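Fold the following and give me the result.
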Amino acid sequence: MLYQLGQWLIRRTETRLHRAIFVVGMAILAASCEAVFHSWLNNHVAREWRLALDAASIGVLVGVITYIEIIAVQVRRARVAAEMKAIADLNHSVRNALQGISYAVRMPEAQGQVQIIEDCVRRIDKTMRDLFPAIPDRSKATAKTSSGPSN
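All right, here's what the predicted structure looks like:
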């Protein structure tokens, strides 16, 4: 549940304005909780315990808010690390395929060159689709447009 709260917090605080609104909202929430608790303490607790319980309530509230924000930071760091890993994987795969293409250009026979280049292009395409599945399949899109009615 705290992880989901961290995810929600990240989505809601992506911009400076949203972060500022969040901070103001948390300050208002903390002040409201403190006012309600302080009022309750004045009516139900002996005078000598009020200050200690009032301070403890503020400490607990700040601790909870800080813990939630730390979870959000950890979720954000994990997301950035996953994105960096995807970029590193993409870099590795594309560089390997491009190295194969650069070697194929220097080969003497034309058919072998074409086969190596096509294989490298397929590997780059597969890597891109594996790492970024939102990329539409160009071969399917081309087949749809070419099989449609012509003017």
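
Every contact and neighbour count from this point should use C-alpha atoms.
Noted.

Reduced to three states, what does the residue nearest the centre of the chain come out as?
Residue closest to the average C-alpha location in the chain (CA atoms, centre = their mean): Arg79, at 3.9 Å. Look at Arg79: counting by DSSP: H, G, I helix; E, B strand; the rest coil, its state is helix.

what's the spacing between it and Lys85?
Look at Arg79 and Lys85: by CA to CA, to the nearest Å, they are 10 Å apart.

And for Val94?
Counting by CA to CA, the gap from Val94 to Lys85 is 14 Å.

Looking at the two, which one has more neighbours?
Val94 (19 against 13; other CA atoms under 10 Å).

got the contact list for the residue nearest to the centre of the chain?
Listed by CA atoms under 8 Å, 6 or more residues apart in numbering, the contact set of Arg79 is empty.

Would you map the helices across this protein?
Assigned by DSSP state H, the helices in the chain fall at 2-12, 16-44, 47-105, 110-131, 138-147.

Same list (those helices) but as TSV, adding mean pLDDT.
Below are those laid out as TSV (pLDDT from 0 to 100):
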stretch	mean pLDDT
helix 2-12	76
helix 16-44	87
helix 47-105	83
helix 110-131	79
helix 138-147	50
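
ok, now how distant is Arg106 from Gln113?
Applying CA to CA, the value for Arg106 to Gln113 is 8 Å.

okay, the two: which has more neighbours?
Gln113 (19 against 10).

what's the burial count for the spatially closest residue to that one that is not a sequence neighbour?
Distances taken as CA to CA, 6 or more residues apart in numbering put Ala104 closest to Gln113, at 4.8 Å, once the chain neighbours are dropped. When neighbours are counted by other CA under 10 Å, Ala104 registers 19.

Contacts only, for Ala104.
Ala104 is in contact with 112-114, 116-117, counting by CA under 8 Å, 6+ apart.

Any of the residues you listed buried? List them.
For the contacts of Ala104, a burial check counting by 16 or more other CA atoms under 10 Å picks out 113, 116-117.

Ala86 - nearest residue in space that isn't next to it in sequence?
Spatially, and ignoring its direct neighbours in sequence, Ala86 is nearest to Leu131 (6.2 Å; CA to CA, 6+ apart).
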